[in-house]
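1. All I have is the shape, not the residue letters:
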């Protein structure tokens with residue numbers, strides 16, 4: 001049975017295969033984890049003058065090189081060839097390297113190149129195996145996903161109070177202040193994109209970042225037990241898997257979670273104190 005990846009320091013995993021540690025695959029070198037990804041620039045050349053007008057810079061993809069040695073072990077080389085195949089799409093590349101991405105990180109990557117020289121060392125049972133991985137998203141993420149609940153704080157739901165009758169209230173039954181904004185502690189050194197999941201019944205749900213004033217409001221009613229998902233990285237809004245992107249309000253802004261504290265709160269028009277939003281994210285490093 002193949003050894004399983006457990007996050008032991010100085011081990012890697014790709015396609016379910018352990019690299020390093022107790023595995024017959026020895027990790028000789030890994031490059032690209034801490035290197036700067038390619039940068040896409042949008043500078044404009046100044047006419048008849050030296051210099052440029054600086055534009056906004058964006059990161060390109062990340063290239064990671066693995067240098068491995070495959071020791072003589074029945075089936076190990078064949079397993080590596082099956083796992084590290086180009087044109088097979090992205091897989092999680094997980095790594096446990098002290099000081100990198102919180103010591104245990106991951107990145108989605110695909111195989112672009114591989115090299116296995118067939119020579120004297122190969123014949124003696126120690127094959128060199130070099131692989132180039134490409135990650136379209138250059139950020140390194142925490143291997144563990146963090147989750148939290150956003151509770152309603154100040155519901156918008158209200159009822160008419162005039163003519164005044166006793167007993168009376170300024171909000172619907174159940175619409176009360178029930179929590180302070182959730183303080184989400186995000187690790188890493190780079191913003192990361194959260195996913196919000198909201199289960200009905202709710203009406204016009206809103207997620208608000210109290211620190212920045214950014215908000216996401218979906219103008220629709222979510223029936224009981226139906227699920228609304230807002231994926232900020234994918235820029236998608238789905239209800240039971242069907243797109244509801246057009247229901248985003250005009251003042252909505254796609255926002256990321258910043259490293260450190262993020263004060264978020266959930267709100268819905270019904271003012272139901274039992275409603276909440278689940279949020280999940282992975283801390284990110286560059």
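-> Here it is on my side, so go on. The structure displayed is predicted, hence computed values, not measured ones.
2. now the helices for the stretch 1-150 of the chain?
-> Per DSSP state H, counting those that start in this stretch, the stretch 1-150 of the chain has helices spanning 76-83, 120-123. These are given in chain order.
3. Report the residue spans of the stretch 1-150 of the chain with pLDDT below the cut-off.
-> Judged against pLDDT under 70, the low-scoring parts of the stretch 1-150 of the chain cover residues 1-2.
4. what bridges to the residue lying closest to residue 92 once chain neighbours are set aside?
-> Spatial nearest neighbour of residue 92, chain neighbours left out: residue 106 (5.2 Å); criterion: CB to CB, 6 or more residues apart in numbering. Where C-beta positions appear, they are placed from N, C-alpha and C, glycine not excepted. Applying DSSP bridges to residue 106 gives these bridge partners: residue 94, residue 141.
5. Correct me if wrong: residue 106 contacts residue 96.
-> No: here residue 106 does not reach residue 96: they are 10.1 Å apart, not a contact under CB atoms under 8 Å.
6. Tally up the residues packed near the residue nearest to residue 117 when sequence neighbours are not counted, please.
-> Computed as CB to CB, 6+ apart, the closest residue to residue 117 that is not its neighbour in sequence is residue 128, at 5.6 Å. Applying other CB atoms under 10 Å, we find 16 other residues in the vicinity of residue 128.
7. residues contacting residue 128?
-> When the contact criterion is CB atoms under 8 Å, 6 or more residues apart in numbering, the partners of residue 128 are 67-70, 115-117, 121-122.
8. Residue 141 now?
-> Neighbour list for residue 141: 101, 105-107, 192, 282-285 [criterion: CB under 8 Å, 6+ apart].
9. so which of the residues you listed is the most crowded?
-> Counting neighbours by other CB under 10 Å, the top entry in the contacts of residue 141 is residue 101, with 27 neighbours.
10. can you tell me which of the contacts of residue 128 lies nearest to residue 11?
-> residue 68 (12.2 Å; CB to CB).
11. that older thread, of all the contacts of residue 128, which comes closest to residue 76?
-> Minimum separation from residue 76 among the contacts of residue 128 (CB to CB) is found for residue 70, which lies at 5.6 Å.
12. Would you check how far apart that closest one and residue 30 are?
-> The span separating residue 70 from residue 30 equals 16 Å under the rule CB to CB, to the nearest Å.
13. what about these two, which has more around it?
-> With neighbours defined as other CB under 10 Å, residue 70 and residue 30 compare such that residue 70 has more, 22 against 19.
14. how about the nearest residue to the more buried one, chain neighbours excluded?
-> residue 127 (4.4 Å).
15. ok, the one you found to residue 29 distance?
-> When residue 127 is compared with residue 29 (using CB to CB), they lie 16 Å apart.
16. ok, now which ones touch the residue nearest to residue 92?
-> Contact partners of residue 106, counting by CB under 8 Å, 6+ apart, are 92-95, 140-143, 282.
17. Kindly report the same for residue 81.
-> When contacts are counted by CB under 8 Å, 6+ apart, residue 81 touches residue 116.
18. contacting residues for residue 92?
-> By CB under 8 Å, 6+ apart, the residues touching residue 92 are 13-14, 106-108.
19. Can you tell me which of these is nearest residue 233?
-> residue 108 (11.5 Å).
20. Do I have it right that that closest one meets residue 89?
-> No: counting by CB under 8 Å, no contact exists between residue 108 and residue 89, whose distance comes to 9.5 Å.
21. Tell me which of the two has more neighbours.
-> For residue 108 versus residue 89, the count of surrounding residues by other CB under 10 Å is larger for residue 108: 15 against 8.
22. excluding its backbone neighbours, what's nearest that one?
-> Taking CB to CB, 6+ apart as the measure, residue 108 lies nearest to residue 90, with 4.4 Å between them; neighbours along the chain are not counted.
23. do the same with residue 261
-> Leaving aside its sequence neighbours, residue 261 sits nearest to residue 183 (CB to CB, 6+ apart; 5.3 Å).
24. Which elements pack onto the helix or strand hosting that neighbour?
-> Applying DSSP states H and E as the criterion places residue 183 in strand 182-186. Using 3 or more CB pairs under 8 Å, 6 or more residues apart in numbering; DSSP states H and E as the contact criterion, the elements in contact with strand 182-186 are strand 146-150, strand 260-267, strand 277-281.
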